[in-house]
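Asker: one predicted model, sequence on top.
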Amino acid sequence: MRGGDCRRPAPVTGPRPPGHQAAMSCPFLREENVKYCVASAFRKMIPESARDAGHERCSSAAYRDCPAAAAKVGGRPIADRCPFLDDADVEFCAAAPVATYVPVNHSLPSRCTSAGHLYCDLYLATADPGGVHRTGSVVFPGSSRSGRRTVVVGGIPVPAYLSYAPNHMWLDRAGDGRCHVGIDAFLAEVVGRVDAISFVRSGRGAAQPIAVFTVNGVEMHLVFPHELEDVTANTCLRADPSRLTADPYGAGWLFAGVDPTTNGAPPGAAASAGLIAGENAARWFVAEGGRLRAFVQQRIEPPADGARVMAEGGRVAPGLAARLERDLLIALFNEFFSPHPASRRPS
């Protein structure tokens, strides 16, 4: 199963890069022409911008003194420059601590040249080093990362650029049909802490992505309501499940895939069907907050140890799941996050 890049780099110093709104490519993607020696056993790539052609023997007849060239020149005629000096156009990430050169191939899909870069750890750490898009302990401002608007509903951040499923999963669908799926901040706040995460569905065929969370000893199956193709999982969450609830709209994404309707069908006809977005989503989150308060008031007795279940302003205290016995936790999951929420589909 393929996954994401789990590195957590220090932010790149220097000016903050521009937003990506007008471009699909990552602002940290760079192209460079590099030179390298075909005769050498080790391919060391030297950027054209860093070459000192006036003092290198590869660009002059002095290449004949190079052991690597001498071993292969054989009966070749003497030239003014080394015949084994070659070049290539490569791409690399300016946000990475160490540059890795990859041959340019515009015909192949790339996370760096699509909206998928928004969910790259390197991009998140560099474009938003303060973590203002995170939900763990930060109050959301009026706009989210990269200039895409986020509203706050009852203390819960609701990015307006996402579509939401009735079981509190979100979908971010790019214009080319590539999708990312995760959990919303409502679910993240209720759960609080996830002990372990595993993934059931991934691969090339069309399938509904499924993630399994272990919360307070109980396994919870979270199923996205629609099929995606070429599904990959964010396997970094296995090693660090805290990312899921600390940054549900960023580094905590669950799955990436492709909308099956991308070829020859209306954009988003399958992946977005039955989901809710925009002002309707904001109203739905308000209603869900009311349902959660009613659930707590009707089903949960005040803890004997005095632990708070309700916070100030009538909100349910974060991390509710950790305070519930097994039966109540299962009832909570079935009511709000089950795979078959037809009876509570948003309208």
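Answerer: Noted; the coordinates are in hand. Numbering: from 1, shown residues only.

Asker: look up phi and psi at the nearest residue to residue 179 once chain neighbours are set aside.
Answerer: Sequence neighbours aside, residue 173 is the residue nearest to residue 179 in space, at 4.9 Å (criterion: Cβ to Cβ, 6 or more residues apart in numbering). Just so you know, the C-beta spots here come from the backbone N, C-alpha and C atoms, and that holds for glycine as well. Dihedral pair for residue 173: phi -110, psi 120, per degrees, to the nearest 10.

Asker: what's the answer for the one 10 residues further on, then?
Answerer: Phi and psi for residue 183, reported as degrees, to the nearest 10, are phi -100, psi 150.

Asker: what about the residue nearest to it when sequence neighbours are not counted, how many neighbours?
Answerer: Nearest residue to residue 183 in three dimensions, chain neighbours excluded: residue 248, at 5.1 Å (Cβ to Cβ, 6+ apart). Residues within reach of residue 248, counting by other Cβ atoms under 10 Å, total 29.

Asker: is it true that residue 248 touches residue 190?
Answerer: No: taking contacts as Cβ atoms under 8 Å, residue 248 lies outside contact range of residue 190: 11.5 Å.

Asker: run through this structure and note the low-pLDDT ranges.
Answerer: 1-23, 51-54, 74-77, 128-148, 201-203, 262-272, 301-314, 340-347 (pLDDT under 70).

Asker: that one: helices as residue ranges?
Answerer: 67-73, 121-127, 185-191, 236-239, 242-246, 278-299, 326-336 (DSSP state H).

Asker: dump the ones you listed into TSV; add mean neighbour count as well.
Answerer: As requested, the helices of the chain are exported to TSV (neighbours: other Cβ atoms under 10 Å):
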stretch	mean neighbour count
helix 67-73	14
helix 121-127	23
helix 185-191	25
helix 236-239	18
helix 242-246	21
helix 278-299	15
helix 326-336	16
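
Asker: of all those helices, which lies closest to residue 46?
Answerer: Shortest distance between residue 46 and those, using Cβ to Cβ, is found for helix 67-73: 14.4 Å.

Asker: what helices or strands is that closest one leaning on?
Answerer: Contact here means 3 or more Cβ pairs under 8 Å, 6 or more residues apart in numbering; DSSP states H and E; on that basis helix 67-73 packs against no helix or strand.

Asker: pull the CA atoms of it into CSV?
Answerer: Extracted in CSV, the C-alpha atoms of helix 67-73 (Å, rounded to 0.1, in the frame of the first residue of the first chain):
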residue,chain,number,x,y,z
PRO,A,67,40.5,8.1,-15.0
ALA,A,68,36.8,7.4,-15.7
ALA,A,69,37.0,8.8,-19.2
ALA,A,70,40.4,7.2,-20.0
ALA,A,71,39.0,3.7,-19.1
LYS,A,72,36.3,4.1,-21.7
VAL,A,73,37.6,6.4,-24.4
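
Asker: and that helix, how far out from the chain middle?
Answerer: The chain centroid and the centroid of helix 67-73 are separated by 47 Å, computed with Cα atoms, centre = their mean, to the nearest Å.

Asker: same deal with stretch 96-110?
Answerer: Chain-centre distance of stretch 96-110: 18 Å, with Cα atoms, centre = their mean.

Asker: no further questions, thank you.
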